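>>> below: sequence and its predicted model.
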Amino acid sequence: MSKLNILFMTFSVVTLGIATYLVSGMIGTIAGSNGKLTVQIVASGSVSIVLLLISAMFTHIASLRISTTHSVISTILVYLVMYAYQLKRIYTDKRLKQSWKNPRKFQERTLQKLLAENKDTEYGKRYDFGSTSSMALFRERHPLTTYEHYAGYIDRMTKGECNVILNRKPPRYGLTSGSTGKGKVIPISKESDVTLFEGIMYSMAVLRKDVFPQRSVLQKGLLFYTEPTPRVTPDGTSLGPVSRMDADKKLFCAMVYSPPLASLNETDPVVATYLDLLFSLKDRNLGYVMGRLTTAVFSALRHLEKDWRKMVYDIEHGTINKELKVSEDARTALEATMVPDKRRADELRHEFEKGFCGIMRRVWPYMHYIVAVDATGYGDILAEGYAKGIPIYSGFYSSTELPIIGYELNQGQLGGSHRYAFLLTSTVYEFIPEEDMFVQEPETLFIDEIEVGKVYELVGSCVNGLYRFRFGDVIKVVDFLDNCPVIEFQYRSGLVLNVRAEKMDSATLHNVITKVISHWPKVTLVDYACAENCMLDGGGDQNEVNPYYVIFIEVDRDTCDQSIAEVDSAGDHGIDEVDSPRELLDISKQHLGMVDEVLCKTSFTYNSFREKAEIAPPRVYLVKPGSFDKLNEFVMNNTTASHNQFKNPRKLRSPEMVGLMMRNTIECLE
């Protein structure tokens with residue numbers, strides 16, 4: 001039992017004692033007044049009831065696991081807020097179930113609401129929103145769109161023009177990452193912000209109550225967050241990733257997550273990650289991780305593996321590492337929250353020295369889950385390494401362009417796929433069959449017209465002023481919940497490899513790479529990326545007349561192959577030693593041909609082109625350790641991506657990216 005548990009139990013006893021005293025006095029007063037109610041009696045009774053309720057609350061708090069970084073005030077506030085959202089969830093559940101029983105009806109209502117709100121805008125008048133009475137009529141009148149359709153309108157809005165595509169000035173603009181294409185400026189309406197925040201709180205309530213009821217509401221989480229570089233539009237409106245938090249949200253996050261407020265203002269991703277990890281390591285009772293993307297979680301844990309000794313030193317001595325580039329004000333605020341804790345430091349040191357396979361469960365024994373979207377396949381890498389034994393849950397499905405698209409249904413079952421049921425009250429959905437995605441004017445289907453087992457490109461009309469918008473996500477219908485389709489994310493349409501109209505999607509390529517690596521002994525996948533040979537200098541191999549894929553793979557030694565005893569016996573060298581490029585070459589050279597082989601077995605279309613010798617075998621390169629760190633740094637420096645929304649590029653879209661990777665290949669494999 002922690003000091004806070006003992007303190008709240010004391011509060012409960014004291015409060016109960018006061019209430020009992022007041023009740024006794026009230027009984028005596030009633031007896032002396034011959035049973036007549038007086039103002040004094042009513043006041044004493046009311047205060048007694050309130051005190052009894054407070055005592056019951058304190059008793060319940062004292063029975064819960066409480067994060068060690070909580071204060072008395074933050075404990076009470078978080079307790080009240082979390083249980084308030086549990087109550088609100090009752091209404092949300094009812095609304096969702098109603099919509100899932102009759103999705104087309106709710107979609108028609110949502111469209112009418114969107115059109116009515118913006119019918120008097122310039123855009124609404126152009127497309128006659130006022131007289132559009134159905135989804136079918138809207139489909140006839142309004143074209144399918146991409147960002148280029150809106151670029152001119154949005155540019156005018158950012159310069160101060162009003163009533164262009166939204167009837168109110170947006171409080172901020174979202175900036176897409178640009179790591180899978182050019183960054184886009186998206187107006188973010190107030191309704192979109194509300195939908196996103198409430199969606200996050202709802203999914204967290206479902207997760208804690210239904211899936212992991214053993215997690216206390218007073219266990220803090222580990223939030224990985226870097227403050228984006230401040231930007232504004234020409235008219236002074238905030239511009240940045242949707243994940244950017246305002247001051248109020250930061251205050252709330254400082255109560256429910258382990259990093260203190262000062263660390264949430266850090267713009268340097270290295271500094272922010274160090275502080276996020278440091279303050280989370282102090283808390284043995286940490287309950288979960290909020291990482292937004294699995295790439296962010298993986299990257300942070302690699303930092304932990306590199307810098308754990310510095311962090312343990314800081315915890316033991318109550319300091320902030322002197323080499324960390326933080327302002328004096330921030331350092332003073334951070335160090336004020338640091339108390340030397342040798343016992344915790346010794347515990348952490350003992351676990352880190354055993355190795356990093358399954359490290360999260362060992363340093364945080366009461367951790368229940370990770371919340372992060374697995375957009376690039378890093379969930380599997382985490383599950384087999386750092387996060388072994390901890391389920392990964394995405395919670396919800398969203399994008400910068402659209403607010404919450406759907407809620408996850410399988411609640412992060414270990415090893416399970418992520419399935420979502422649509423949120424039908426903020427976006428109207430249409431679906432383009434996969435085989436028609438590259439048709440110039442494809443026909444679309446509505447939510448009650450799609451089929452299980454089919455793959456579709458998702459199209460949305462939403463509260464941000466985007467209509468029949470093709471934002472690039474491709475999904476598969478895997479089931480129905482009542483009458484609502486249940487979907488799985490497949491890939492981004494912009495990530496398709498396409499050298500002979502074979503349309504190799506990123507999901508297939510990911511499955512192929514991970515399957516191949518699983519047959520390479522004693523190595524694990526660090527990262528991979530691909531390109532078409534046209535991205536190579538001079539178009540690639542001059543002796544090859546057919547196009548081909550270029551695939552870059554970085555691997556590392558599989559530390560999970562070793563038992564803890566083996567690592568202990570190896571000493572520090574056993575922990576830090578990394579296989580040399582030559583050793584990795586000797587391992588992988590025998591298996592490189594498997595990439596082409598498994599691609600042929602997995603994709604009928606690719607195999608057909610290979611059999612006809614219209615696609616050449618892929619060129620597969622191993623790259624030096626740290627190559628993808630260099631690539632990620634290059635992308636961050638040359639796109640609009642913030643650290644919070646960064647997605648490791650799976651497809652290399654420029655000769656500069658490909659050239660960087662070619663310069664880091666293991667020479668013998670060229």
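Done, it's in. Residues are numbered from 1 along each chain as shown.
>>> where does this structure have its least confident helix or strand?
helix 564-576 (a mean of 37; mean pLDDT, DSSP states H and E).
>>> what's around Met636, how many residues?
When neighbours are defined as other Cβ atoms under 10 Å, Met636 has 16 of them. C-beta here means a position set from N, CA and C on the backbone, and glycine is covered the same way.
>>> how about stretch 518-528: buried residues?
Going by neighbour count (16 or more other Cβ atoms under 10 Å), the buried part of stretch 518-528 is Trp520, Val523, Thr524, Leu525, Val526, Asp527, Tyr528.
>>> for the chain, longest strand please?
In the chain, with assignment by DSSP state E, the single longest strand is strand 469-481.
>>> from the chain's centre, how far out does it sit?
18 Å (Cα atoms, centre = their mean, to the nearest Å).
>>> next: stretch 271-283.
Distance of stretch 271-283 from the chain centroid (Cα atoms, centre = their mean) equals 18 Å.
>>> hmm, who's touching stretch 434-446?
Contact with stretch 434-446 is made by 104, 107, 135, 139, 144, 429-433, 454-457, 459, 468, 474, 493, 503, as judged by Cβ atoms under 8 Å, 6 or more residues apart in numbering.
>>> picking up where we left off before, among the buried residues of stretch 518-528, which two are most distant?
Comparing every pair within the buried residues of stretch 518-528 by Cβ to Cβ identifies Trp520 and Asp527 as the most remote, at 14.7 Å.
>>> where in the stretch 401-550 of the chain is pLDDT low?
When residues are selected by pLDDT under 70, those of the stretch 401-550 of the chain lie in 410-416, 494-496, 501, 539.
>>> give the closest residue to Arg65 in space, chain neighbours not counted.
By the measure of Cβ to Cβ, 6 or more residues apart in numbering, the closest residue to Arg65 outside its immediate chain neighbours is Ser216, 4.3 Å from it.
>>> in contact with the one you found, which residues?
For Ser216, the contact set (Cβ under 8 Å, 6+ apart) comprises Leu64, Arg65, Ile66, Gly287.
>>> and the contacts of stretch 434-446, which of them are buried?
Buried members of these, scored by 16+ other Cβ under 10 Å, are 107, 135, 139, 144, 429-433, 454-457, 459, 468, 474, 493, 503.
>>> show me where the stretch 201-350 of the chain has helices.
Taking DSSP state H, counting those that start in this stretch as the criterion, the stretch 201-350 of the chain contains helices spanning 247-256, 269-281, 294-317, 328-335, 342-352.
>>> from these, which stretch is densest packed?
helix 269-281 (a mean of 23; mean count of other Cβ atoms under 10 Å).
>>> for that helix, enumerate the helices and strands it packs against.
strand 221-223, helix 294-317 (3 or more Cβ pairs under 8 Å, 6 or more residues apart in numbering; DSSP states H and E).
>>> need these in CSV (columns: distance to Leu382 and mean pLDDT).
Listed next are those as CSV, based on distance: least, Cβ to Cβ, whole Å; pLDDT from 0 to 100:
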stretch, distance to Leu382, mean pLDDT
strand 221-223, 14, 92
helix 294-317, 6, 90
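>>> so which of these is nearest Glu611?
Each of the helices and strands packed on helix 269-281 has some distance to Glu611 by Cβ to Cβ; the shortest is helix 294-317, at 35.9 Å.
>>> and that closest one, what other elements does it pack with?
Judged by 3+ Cβ pairs under 8 Å, 6+ apart, helix 294-317 is in contact with helix 269-281, strand 288-293, helix 342-352, helix 359-363, strand 369-373, helix 378-384.
>>> angle of that helix against helix 269-281?
If you take axes from the mean of the first three to the mean of the last three Cα atoms, to 10 degrees, helix 294-317 sits at 60 degrees to helix 269-281.
>>> can I get helix 294-317 in CSV, CA atoms only?
Output of helix 294-317 as CSV, limited to C-alpha atoms (Å, rounded to 0.1, in the frame of the first residue of the first chain):
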residue,chain,number,x,y,z
THR,A,294,3.5,2.0,-33.0
THR,A,295,6.5,3.6,-34.8
ALA,A,296,6.7,6.2,-32.0
VAL,A,297,6.6,3.6,-29.3
PHE,A,298,9.3,1.5,-31.0
SER,A,299,11.5,4.5,-31.6
ALA,A,300,11.2,5.7,-28.0
LEU,A,301,12.1,2.2,-26.6
ARG,A,302,15.2,2.2,-28.8
HIS,A,303,16.1,5.4,-27.1
LEU,A,304,15.5,3.7,-23.7
GLU,A,305,17.8,0.8,-24.7
LYS,A,306,20.5,3.3,-25.6
ASP,A,307,20.1,5.8,-22.6
TRP,A,308,18.8,3.7,-19.7
ARG,A,309,22.0,4.1,-17.7
LYS,A,310,21.6,7.9,-17.8
MET,A,311,17.9,7.7,-16.8
VAL,A,312,18.6,5.3,-13.9
TYR,A,313,21.3,7.7,-12.7
ASP,A,314,18.8,10.6,-12.7
ILE,A,315,16.2,8.6,-10.8
GLU,A,316,18.8,7.5,-8.2
HIS,A,317,20.1,11.0,-7.6
